[in-house]
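**Student:** Provide a 3D model corresponding to the input given below.
(one chain, ligands or ions: 1)
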Amino acid sequence: MGWPVLRKDPSSFRVTPNLTDYAAAHAGSPWHEARSAMTGLPDGAGLNIAHEAVDRHATGPYADRTALRWLGKDGRSEDLTYALLRELTDRFANVLDGLGVGTGERVFLLLGRVPSLYVAALGALKHRSVVSPLFAAFGPEPIRQRLDLGTGRVLVTSRRQYERKVSALRDQLPALEHVLVVDADGEPPAGTLDLEELMAKAAASYVIAPTDPEDPALLHFTSGTTGQPKGALHVHEAVVAHSATARYALDLHPEDVFWCTADPGWVTGTSYGIVAPLTLGVTLVVDEAEYDAVRWYSILEEQRVSVWYTAPTAVRMLMKAGEQPREGRDLSALRFLASVGEPLDPAAVVWSQEAFGTPIHDNWWQTETGAIMVSNFAAIDVRPGSMGLPVPGVEVALVHRTGEGEGEDPALEILDTPEAEGELALRAGWPSMFRDYLGQPERYARCFRDGWYLTGDMARRDADGYLWFVGRTDDVIKSAGHLIGPTEVEGVLTGHEAVVEAGVIGVPDPIAGEVVKAFVSLYPGFEPTEALLRELRGFARSRLGSAVAPREIVVVAALPRTRSGKIMRRLLKARELGLPEGDLSTLEVGPDDGDPRGSAKGDS
Ligand code: AMP
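**Tutor:** Model (predicted):
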């Protein structure tokens, strides 16, 4: 701590915040109220995310309001009104119908941030397919694995993505029946369909079939320490939390222009980069291009962005870019800033206050929670470095897991003192809680104990109830806000003929928070030459994509393992960072065996 509290002065609010009386909101029935704010499908036919996000506005006073303002990389832009978005999403739902895609079948999206991505996501939700957006910077291996785990029947993609990453995998993906190419220009690659042509032929109106709020809607893959990626499944009821948290935590009002910089390949880019703002009738700005300080400040200025949701890595890059790209800009429309995904340095909160006249409001949530769970709010003082307070309706506890030894009964100790440090747990049952890890029910069950969802994050609570992030309980890596499972990277590295075993950790990085570092041991006959290391880096990048591949690879004689054979990443990390090595009683190989024999840093 040690940073001054940033006080909020109600007389300075340009718009009355949606949440002014935190205690009263918490004590009430916020989820119940949020549910009543949804219109539901006509004739009591249930609750459908796309209806709440699009159709309800398309038939009301917001019909001609811009729902989505798309800014292309090349300077082009396109506005989709709520009425037009309705028509396009109706057409897409009809395309799926025409292909015979069934309710609950998985429609994967592998696209950059182009309008078709948004149309396909919302159209598939209308159709009651399950939408699974993939990150376009993934290499072929994470794409194959996710399509396979999710038994994707439909893939919406671009020509470039298809030809570079998917076409060679088709025979490994027997469930993948339809590949719809958004930019086929009348000449779809062999084995694919021209989406534009199908859209033009499809009927322009669609009636959403009755949708049970518990019907599956979204599938987001996330990573754990071990095993394959986990497909967190969310249902249509999640829209209640998307919308309510956008009001409370992002303070969105219908007249706002909102920019969420997250890619829909990650949960933030779907919950808040597609669904939540639209449910409130907001204008959503979508930028196709990647980060660029000058471009970003221009967007804030020219689009008159009023609410901005971004990530700590981006904030650090803007801080590094200095004042020059911001100088002389009229950023007066901007009234609320928030960030998520990794710890937000207190210095960044204070920087924002100076740069934009308002702090960045950190908030916390996960793929599994589907929506913001802990947040700093517009009307409440900000303690730089704190994630804030639980969102009204969310019950938080700090806990210790007990009884995890052999033959013991797993239990939970709830830390009930005002100040405490423990694992962050959430009382199960909020609307956007994930309902399953697809095909892995035991893994899902292990996340819950005594009615609490265990988040895997350690947090501290101060005397006033503010929560502070402490760290993860597992070995997953957070690089530039993206969660990376070490096993996924290790699995690819050991696929190289020279590599016997691999151990992957995150090491601190001043901009990305963490970057991926790999330790590998080699088969006899292979030497840790610069050429081999370069080859290994290239091998990993071509399969995993640049967002996931290791930045640095080090060759060691052997990796430290437990007696039961598990690689001790914790020990690799402690050694790397010069930290105490902790309990080594289960270590199998001698502590000296981890000495590097060669190393090389990636070039980006
Ligand atoms: P994901 O499921 O990819 O959204 O990643 C969720 C994880 O990101 C959380 O479990 C945390 O470890 C981390 N995270 C998210 N938000 C924050 C935050 N505000 N501060 C610190 N870590 C965060």
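
**Student:** how about this structure, which residue sits the furthest from its center?
**Tutor:** The C-alpha centroid of the chain is most remote from G525, which lies 41.9 Å away (C-alpha atoms, centre = their mean).

**Student:** Tell me the spacing between that residue and G481.
**Tutor:** Here the criterion is C-beta to C-beta, to the nearest Å. By it, G525 lies 40 Å from G481. To be clear about C-beta, it is placed using only N, CA and C from the backbone, and glycine gets the same treatment.

**Student:** Let's see stretch 441-448 as CSV, backbone CA atoms only.
**Tutor:** Presented in CSV, the C-alpha positions along stretch 441-448 are these (Å, rounded to 0.1, in the frame of the first residue of the first chain):
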residue,chain,number,x,y,z
PRO,A,441,-17.3,-33.0,-15.1
GLU,A,442,-14.9,-34.2,-12.4
ARG,A,443,-12.6,-31.2,-13.1
TYR,A,444,-15.7,-29.0,-12.8
ALA,A,445,-16.8,-30.6,-9.5
ARG,A,446,-13.3,-30.1,-8.1
CYS,A,447,-13.8,-26.3,-8.3
PHE,A,448,-16.6,-26.3,-5.8
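
**Student:** touching the ligand at all, that stretch?
**Tutor:** No - for stretch 441-448, no contact with the ligand is found by C-beta under 6 Å from any ligand atom; the gap never falls below 11.8 Å.

**Student:** Numbering from 183 from now on, please.
**Tutor:** In the new count, where the first residue is 183, that last one comes out as stretch 623-630.

**Student:** How far off centre is that stretch?
**Tutor:** 20 Å (C-alpha atoms, centre = their mean, to the nearest Å).

**Student:** Averaged pLDDT, that stretch. What do you get?
**Tutor:** Averaging pLDDT along stretch 623-630 gives 96.

**Student:** Can you name the residues bridging to the closest residue to L526 other than its chain neighbours?
**Tutor:** Take L526 and drop its neighbours on the chain: the residue closest to it by C-beta to C-beta, 6 or more residues apart in numbering is D544, 4.1 Å away. Beta-bridge pairing of D544 under DSSP bridges involves S521.

**Student:** who's in contact with D544?
**Tutor:** Contacts here follow C-beta atoms under 8 Å, 6 or more residues apart in numbering; on that basis D544 touches A520, S521, V522, L526, V531, S557, N558, S568, M569, G570.

**Student:** likewise P436?
**Tutor:** Contacts were defined as C-beta under 8 Å, 6+ apart; by that measure P436 touches Y244, L462, G463, V464.

**Student:** what about the chain, any weak spots by pLDDT?
**Tutor:** Counting by pLDDT under 70, the chain contains low-confidence ranges at 183, 767-768, 771-786.

**Student:** Now S728. Its backbone dihedrals?
**Tutor:** S728 has phi and psi values of phi -70, psi -20 when expressed as degrees, to the nearest 10.

**Student:** Which positions in the protein make contact with the ligand?
**Tutor:** Taking C-beta under 6 Å from any ligand atom as the criterion, the contact residues of the chain with the ligand come out as 404, 449, 522-525, 544-546, 548-549, 569, 637, 639, 651, 654, 660, 665.

**Student:** Buried ones only from the residues you listed, please, as a PyMOL command.
**Tutor:** The PyMOL command for the buried members of the residues of the chain next to the ligand (criterion: 16 or more other C-beta atoms under 10 Å) is given here:
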select buried, resi 404+449+522+523+524+525+544+545+546+548+549+569+637+639+651+654+660+665
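
**Student:** which residues touch stretch 579-596?
**Tutor:** Contacts of stretch 579-596 (C-beta under 8 Å, 6+ apart): 597, 602-609, 631-632, 634, 636, 641-643.

**Student:** repeat that for 7 Å
**Tutor:** L597, A602, E603, G604, E605, L606, A607, R631, D632, W634, A641, R643 (C-beta atoms under 7 Å, 6 or more residues apart in numbering).

**Student:** Closest to P392 out of these?
**Tutor:** W634 (33.0 Å; C-beta to C-beta).

**Student:** Is the closest residue to that closest one other than its chain neighbours bridged to anything, and to what?
**Tutor:** Closest residue to W634 apart from its sequence neighbours, by C-beta to C-beta, 6+ apart: A607 at 4.1 Å. Each beta-bridge partner of A607 is listed here, defined by DSSP bridges: A579, L636.

**Student:** now do T339
**Tutor:** When bridges are called by DSSP bridges, T339 pairs up with L292, V363.

**Student:** how much space between it and the ligand?
**Tutor:** Separation of T339 from the ligand (C-beta to the nearest ligand atom, to the nearest Å): 22 Å.

**Student:** thinking A414 is in contact with W547, fair?
**Tutor:** No - taking C-beta atoms under 7 Å as the contact criterion, A414 and W547 are not neighbours in contact, 12.0 Å apart.

**Student:** in the stretch 333-482 of the chain, what residue is nearest the ligand?
**Tutor:** Nearest to the ligand, among the residues of the stretch 333-482 of the chain, is T404, at 4.8 Å (C-beta to the nearest ligand atom).

**Student:** residues contacting that residue?
**Tutor:** When contacts are taken as C-beta under 7 Å, 6+ apart, T404 is in contact with P411, K412, A414, T549, L665.

**Student:** for the residue farthest from the centre of the chain, phi and psi?
**Tutor:** G707 adopts backbone torsions of phi 100, psi -20, taken as degrees, to the nearest 10.

**Student:** Quick check: the gap between it and the ligand.
**Tutor:** Applying C-beta to the nearest ligand atom, the value for G707 to the ligand is 40 Å.

**Student:** can you check A593 too?
**Tutor:** 23 Å.

**Student:** any idea how far that residue lies from V581?
**Tutor:** With distances defined as C-beta to C-beta, the gap from A593 to V581 amounts to 10 Å.

**Student:** cool, and A560?
**Tutor:** In terms of C-beta to C-beta, A560 sits 30 Å off from V581.

**Student:** for V348, same thing?
**Tutor:** To V581, V348 is 43 Å away according to C-beta to C-beta.

**Student:** Ok, G685 next?
**Tutor:** 29 Å.

**Student:** what do you get for F630?
**Tutor:** Applying C-beta to C-beta, one obtains 12 Å for the distance of F630 from V581.

**Student:** So which of the two has more stuff around it?
**Tutor:** V581 (21 against 13; other C-beta atoms under 10 Å).

**Student:** More neighbours: which of A414 and W547?
**Tutor:** W547 (27 against 24).

**Student:** how about that one, phi and psi?
**Tutor:** Here is the backbone geometry of W547 (degrees, to the nearest 10): phi -170, psi -180.

**Student:** What residues does the residue in the stretch 183-332 of the chain positioned nearest to the ligand make contact with?
**Tutor:** Residue of the stretch 183-332 of the chain nearest the ligand, by C-beta to the nearest ligand atom: F317 (10.8 Å). Contacts were defined as C-beta under 7 Å, 6+ apart; by that measure F317 touches D445, G447, W448, A729.

**Student:** at 6 Å what do you get?
**Tutor:** Neighbour list for F317: G447 [criterion: C-beta atoms under 6 Å, 6 or more residues apart in numbering].

**Student:** Surely R251 is in contact with D261?
**Tutor:** Yes - shown here, R251 and D261 form a contact pair, counting by C-beta atoms under 6 Å, at 5.4 Å.

**Student:** what about those two, which has more around it?
**Tutor:** Summary of the neighbour comparison: R251 and D261, criterion other C-beta under 10 Å, with R251 having more neighbours (18 against 13).

**Student:** give me phi/psi at the more buried one?
**Tutor:** Backbone dihedrals for R251, given as degrees, to the nearest 10, come out at phi -110, psi 110.

**Student:** Equivalent analysis for A386, please.
**Tutor:** Summarising the backbone geometry of A386 under the convention degrees, to the nearest 10, its torsions are phi -90, psi 0.

**Student:** who's in contact with it?
**Tutor:** Remark: with contacts taken as C-beta under 6 Å, 6+ apart, A386 is in contact with E269, R273.
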